[in-house]
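Enquirer: got a sequence here, can you build the structure:
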Amino acid sequence: MLKKSTQKSLKIANLSAKIVFAAFVVTSLLGGFFSLTGLAQQVDSTDANTNESVSVTAQDSTVNTDPEDIGKLNEEITQKKSKIDELAKDIEVYKQAIAAKRTEALTLKNHIAILDDEIHSVELEIEKLQQEIDATTLEIENLKLDIRAQEEKIAEHRDTLEELLRILYRNDQKSVLDIILQNNSFSEYYNYSHSLISLNSELTDTVQQVKDLKTTLEEKKSELEVKIADLGNLQIDFSTKKDTLLAQKDAKKDILEQTQSDESKFQDLVQDVKSEQDSVSSEIAAMSETVRKRLEEQKQKEAQNSNTGDKDSTDLIAKAGTGVIDWPIDSRRVTATFHDPTYVYRRYFEHPAIDIGTPQGTAIKAADGGVVAIAKKLDWVKNSSGKIIYPAYNFVLIVHENGLSTVYGHLSGVNVVEGEIVQKGQTISRSGGLPGTAGAGRLTTGPHLHFEVRLNGIPVNPLEYLP
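Expert: Purely as a prediction, here's the structure:
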């Protein structure tokens, strides 16, 4: 019998050693390392150790993990999202109405109706963005509560692990004979042995729970970072939409003032804009051809006499680009397509580009390396006495290799000069398009970049060349 008891005690001792090793692994994962000797010396200071371990999780003392508060937050978030869905449906109704009106004849009445619908649509988009900002703010607060709850649970399990280590340490200090002699009977010894063995199951469960909690904690923290970034983007969009709303109201007012609510004057205005567009298109085609011929002449010259070639011309050819086009801004929000069938002025001229929605003043980069053929920065059209009549149309033309060229229009700023060699990704200008602002041109309805790709001077669909 004694032999069996001794074997069982040895089994317990081995089990304790395994449990201690497992506990060391877990406490290392938690960011701390516990010394058995140190724990033995700190048995009477459990409360102090617990407070110290939990203090790491109490960085934000204002966060309350009351389940009732979390429930209220979830309810508010659900209400906000429901409102967002309703607004999205209302916005879609206006967009469909705008699309239908754009297929009709372009008249002053129809144009004002489109502007009114766009104004109402933007007002709803602003309200929707505000709801999204509120919802995202609540989700951030909710995630902070979740993170705090996970940290508190981890702290609680850390306390459990510390206590298990203390118990195991004390028993590891006893010999098998001490353990037997401290029990009055073998039944007491059996109960004692059984309680130690049951610690294995408890510790195993605690280890798994801590691992799961840490995984969930990291997921919540990653989700929080994403939500904070989303909030920043929503706030930018909100500011942009407010600017767009003011611009559209000004555009409506400007149209009514220029035409004096007269249909014939409106048609004259549209014809003027068409003439301006034709003039710009002709200038782009002519300059593209001129610069391309210059490049070809220099290439031929280099081929004929490579030993005595002009270093400047060699640099020019080398930096003229690869013919591989990239997006000129980070935004991928195409608000009007190439030859867009819903383009409001399609009755008079095709839309030879894509419009990319972006805030006023966004840095625009060269889609490929090349030579600046045109850098138009007039800002305003003025009368003979110097009085501003309306915004001029600022744009940049860059000629690349492989017969390609790119055009960037409605610019609020131009950073390059004609004849300059630019590299792919170099900042060349700033976006514009806000009605009534310098460089926006006439009849524009909001901030965006007009982006053209031309092949041998003829406009082609940019989306077929962009990655």
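
Enquirer: for the stretch 301-450 of the chain, give me the ranges with low pLDDT.
Expert: 305-320 (pLDDT under 70).

Enquirer: quick one, helices of it?
Expert: All helices of the stretch 301-450 of the chain, identified by DSSP state H, counting those that start in this stretch, fall at 311-318.

Enquirer: what about the residue lying closest to residue 391 once chain neighbours are set aside, how many residues close to it?
Expert: Excluding its sequence neighbours, the residue lying closest to residue 391 (Cβ to Cβ, 6 or more residues apart in numbering) is residue 440, at 4.5 Å. C-betas here are computed from N, CA, C, even on glycine. The number of residues packed near residue 440 is 29, by other Cβ atoms under 10 Å.

Enquirer: bridging residues for residue 440?
Expert: According to DSSP bridges, the partner residues bridging residue 440 are residue 393.

Enquirer: can you get me a residue count around residue 70?
Expert: Neighbour count of residue 70, defined by other Cβ under 10 Å: 16.

Enquirer: quick check: which element contains it?
Expert: helix 67-102 (DSSP states H and E).

Enquirer: then stretch 340-360 to PDB, C-alphas only?
Expert: What follows is stretch 340-360 as a C-alpha-only set of coordinates in PDB (Å, rounded to 0.1, in the frame of the first residue of the first chain):
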ATOM      1  CA  ASP A 340     -20.800  59.200 -70.300                       C
ATOM      2  CA  PRO A 341     -24.400  58.700 -71.700                       C
ATOM      3  CA  THR A 342     -25.800  60.700 -68.700                       C
ATOM      4  CA  TYR A 343     -23.400  63.700 -69.300                       C
ATOM      5  CA  VAL A 344     -25.600  66.800 -69.100                       C
ATOM      6  CA  TYR A 345     -24.000  68.500 -72.100                       C
ATOM      7  CA  ARG A 346     -23.700  65.500 -74.300                       C
ATOM      8  CA  ARG A 347     -26.200  67.000 -76.800                       C
ATOM      9  CA  TYR A 348     -23.400  69.600 -77.500                       C
ATOM     10  CA  PHE A 349     -20.200  67.700 -77.000                       C
ATOM     11  CA  GLU A 350     -19.000  64.300 -75.700                       C
ATOM     12  CA  HIS A 351     -17.200  63.900 -72.300                       C
ATOM     13  CA  PRO A 352     -13.700  63.000 -73.500                       C
ATOM     14  CA  ALA A 353     -12.400  62.000 -70.000                       C
ATOM     15  CA  ILE A 354     -13.300  60.500 -66.700                       C
ATOM     16  CA  ASP A 355     -14.100  62.700 -63.800                       C
ATOM     17  CA  ILE A 356     -12.500  61.500 -60.500                       C
ATOM     18  CA  GLY A 357     -14.200  62.900 -57.300                       C
ATOM     19  CA  THR A 358     -11.700  64.400 -54.900                       C
ATOM     20  CA  PRO A 359     -11.500  67.300 -52.400                       C
ATOM     21  CA  GLN A 360     -10.600  70.700 -53.700                       C
END
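
Enquirer: quick one: mean pLDDT for the helix holding residue 70?
Expert: In this model, helix 67-102 has a mean pLDDT of 90.

Enquirer: and it, what's buried?
Expert: 70, 73, 76-77, 80, 83-84, 87, 91, 94, 97-98, 101-102 (16 or more other Cβ atoms under 10 Å).

Enquirer: care to break the chain down by domain?
Expert: Structurally, the chain divides into domains by automatic domain parsing as follows: 67-256, 272-464.

Enquirer: with distance to residue 262 as new columns, can these be given to me in JSON lines?
Expert: Formatted as JSON lines, the domains of the chain follow (distance: least, Cβ to Cβ, whole Å):
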{"stretch": "domain 67-256", "distance to residue 262": "8"}
{"stretch": "domain 272-464", "distance to residue 262": "14"}
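
Enquirer: tell me which helix or strand comes right after the helix holding residue 70.
Expert: Counting by DSSP H and E, what follows helix 67-102 is helix 108-172.

Enquirer: what's that next one packed up against?
Expert: Under the contact criterion of 3 or more Cβ pairs under 8 Å, 6 or more residues apart in numbering; DSSP states H and E, helix 108-172 touches helix 2-29, helix 36-41, helix 46-55, helix 67-102, helix 186-259, helix 263-304.

Enquirer: packing partners of the last one?
Expert: So the one you mean is helix 263-304. helix 108-172, helix 186-259, helix 311-318, strand 370-376, strand 395-399, strand 404-409, strand 448-455.

Enquirer: try 7 Å this time
Expert: helix 186-259, helix 311-318, strand 370-376, strand 395-399 (3 or more Cβ pairs under 7 Å, 6 or more residues apart in numbering; DSSP states H and E).

Enquirer: winner for burial among those?
Expert: With neighbours taken as mean count of other Cβ atoms under 10 Å, those reach their highest mean count in strand 395-399, at a mean of 26.

Enquirer: can I get that one in CSV, CA atoms only?
Expert: Only the C-alpha atoms of strand 395-399 are listed here, as CSV (Å, rounded to 0.1, in the frame of the first residue of the first chain):
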residue,chain,number,x,y,z
PHE,A,395,-5.3,72.4,-67.4
VAL,A,396,-2.0,70.6,-68.0
LEU,A,397,-1.0,68.4,-70.9
ILE,A,398,1.8,65.9,-70.7
VAL,A,399,3.2,64.0,-73.7
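
Enquirer: which helices and strands does it pack with?
Expert: Packing partners of strand 395-399 (3+ Cβ pairs under 7 Å, 6+ apart): helix 263-304, strand 370-376, strand 404-409, strand 411-414.

Enquirer: ok, now with 8 Å
Expert: helix 263-304, strand 370-376, strand 404-409, strand 411-414, strand 427-431.

Enquirer: gap between that strand and the chain center?
Expert: With Cα atoms, centre = their mean, to the nearest Å as the basis, strand 395-399 stands 29 Å off its chain's centre.

Enquirer: each with direction, which strands does that strand pair with?
Expert: Sheet pairing for strand 395-399, using DSSP bridges, gives strand 370-376 (antiparallel), strand 404-409 (antiparallel).

Enquirer: what angle do that strand and strand 427-431 make?
Expert: 150 degrees (axes from the mean of the first three to the mean of the last three Cα atoms, to 10 degrees).

Enquirer: which residues touch strand 395-399?
Expert: 280, 284, 287-288, 291-292, 295, 320, 366-368, 370-376, 405-411, 414, 416, 422, 428-429, 450 (Cβ atoms under 8 Å, 6 or more residues apart in numbering).

Enquirer: one more: stretch 329-338?
Expert: Contact with stretch 329-338 is made by 342-343, 351-358, 362-365, 431, 448-449, 459-463, as judged by Cβ under 8 Å, 6+ apart.
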